[in-house]
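Peer 1: can't give you the sequence, but here's the structure:
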């Protein structure tokens, strides 16, 4: 743990509350302020769309001004946008709330670069552990975000959930304070449009290990996103379970996403990226199996726990593998295209969640995730075979 990694970890605690609060509340808020129920998860989906569409630009901006200023800029924008979301809720303005979620997602495109910054703050062989340490902060972020959102939702008695987003504005501002003391690691700023900087992007992407890493991370986010986005609607709106029970399931789910980070880096070092990815797929299969049973509070809990475990193994192994596939001068381009694909997959999954849960069922949504699991296994086995030739 060095100074930069410590600052990034503290920033993760507060900065990523935007993700947990948005996933927890935006679908429920959407269902309350729009009469078209099929659009209720649109704010959540637009948050992810904002992240996906801004990843390349976020990487490019950081290549010009450095990570420190990029992170601080995102923190200030997200804090101001949280206040805009609070205003939109108070006015029951669905369109303005959707715009707010979209901008929050754009800001999160910068925050998702924390993991690459963490990997760059240590030697390459220690990257999995550095990423794991950073991801552990997500546990604190999940409980802080969801608990605070629940606590503050009645802060203004006439405007339910306005207090939640005012709290988010405060949390989103905190990374700007921490990252003021962050020191850029990169000695030179890399022009993403300069084709002479390293290999062609196509050559980087077509590496079997790069494809393995990017598909594992993308599918991990796709499966997690489609099911996590639909969970509040399935539990609270359709199955009539309390908001407290729904929130607790999501908290435990996010804890399961990040708690294994205590050992994931060590497991990757001991057993290799591919074996950890296979275990992650197994956890997803357990999620799908439990979701085919009766939709009880207990089954939601077990399914979401294994969903979080699967995401952790796949995403951390994918992220720590991808940093081994590019040269220093290629990092911003490689990281940008990685995040574009990963979060575009997540965006499509989130956009689909509201429609699918309205038109099909919780069981069908889980079965749709099976092809993602098959694809991960295929690219992993293919990369292992080609690496031995």
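Peer 2: Thanks, I have it. Predicted, not measured: the structure shown is a model, and the values here were computed from it. Numbering: from 1, shown residues only.

Peer 1: quick one: the helices in the stretch 251-389 of the chain?
Peer 2: Here the stretch 251-389 of the chain has its helices, by DSSP state H, counting those that start in this stretch, at 261-271, 273-291, 297-322, 331-359, 362-368, 370-387.

Peer 1: Please tell me how far the fourth one is from the chain's geometric centre.
Peer 2: Taking CA atoms, centre = their mean, to the nearest Å, one finds helix 331-359 lying 10 Å from the centre of the chain it belongs to.

Peer 1: Out of the helices of the stretch 251-389 of the chain, which gets nearest to residue 119?
Peer 2: Across those, residue 119 has its closest neighbour in helix 297-322 (7.2 Å, CB to CB). (C-beta placed from N, C-alpha, C; glycine too.)

Peer 1: buried residues in the closest one?
Peer 2: By neighbour count, and taking 16 or more other CB atoms under 10 Å as the criterion, the buried residues in helix 297-322 are 300-322.

Peer 1: now the longest helix along the chain and helix 331-359, what's the angle there?
Peer 2: Ranked by residue count, the top helix of the chain under DSSP state H comes out as helix 42-90. For the pair helix 42-90 and helix 331-359, the angle between their directions (axes from the mean of the first three to the mean of the last three CA atoms, to 10 degrees) equals 80 degrees.

Peer 1: What is the subsequent helix or strand relative to helix 42-90?
Peer 2: Past helix 42-90, heading to the C-terminal end, the next element that is a helix or strand (DSSP states H and E) is helix 94-111.

Peer 1: one step back: what is the longest helix of the chain packed up against?
Peer 2: Packed against helix 42-90, as judged by 3 or more CB pairs under 8 Å, 6 or more residues apart in numbering; DSSP states H and E, are the following elements: helix 3-15, helix 17-33, helix 94-111, helix 114-120, helix 162-178, helix 208-232, helix 331-359.

Peer 1: Adding distance to residue 84, mean neighbour count and mean pLDDT, write these out as a markdown table.
Peer 2: Listed next are the helices and strands packed on helix 42-90 as a markdown table, based on distance: least, CB to CB, whole Å; neighbours: other CB atoms under 10 Å; pLDDT from 0 to 100:
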| stretch | distance to residue 84 | mean neighbour count | mean pLDDT |
| --- | --- | --- | --- |
| helix 3-15 | 18 | 22 | 93 |
| helix 17-33 | 13 | 25 | 88 |
| helix 94-111 | 5 | 23 | 94 |
| helix 114-120 | 24 | 24 | 87 |
| helix 162-178 | 9 | 22 | 96 |
| helix 208-232 | 22 | 26 | 93 |
| helix 331-359 | 20 | 23 | 84 |
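
Peer 1: As a markdown table, those with distance to residue 374 would be great.
Peer 2: Conversion of the helices and strands packed on helix 42-90 to a markdown table gives the following (distance: least, CB to CB, whole Å):
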| stretch | distance to residue 374 |
| --- | --- |
| helix 3-15 | 32 |
| helix 17-33 | 26 |
| helix 94-111 | 29 |
| helix 114-120 | 26 |
| helix 162-178 | 38 |
| helix 208-232 | 10 |
| helix 331-359 | 15 |
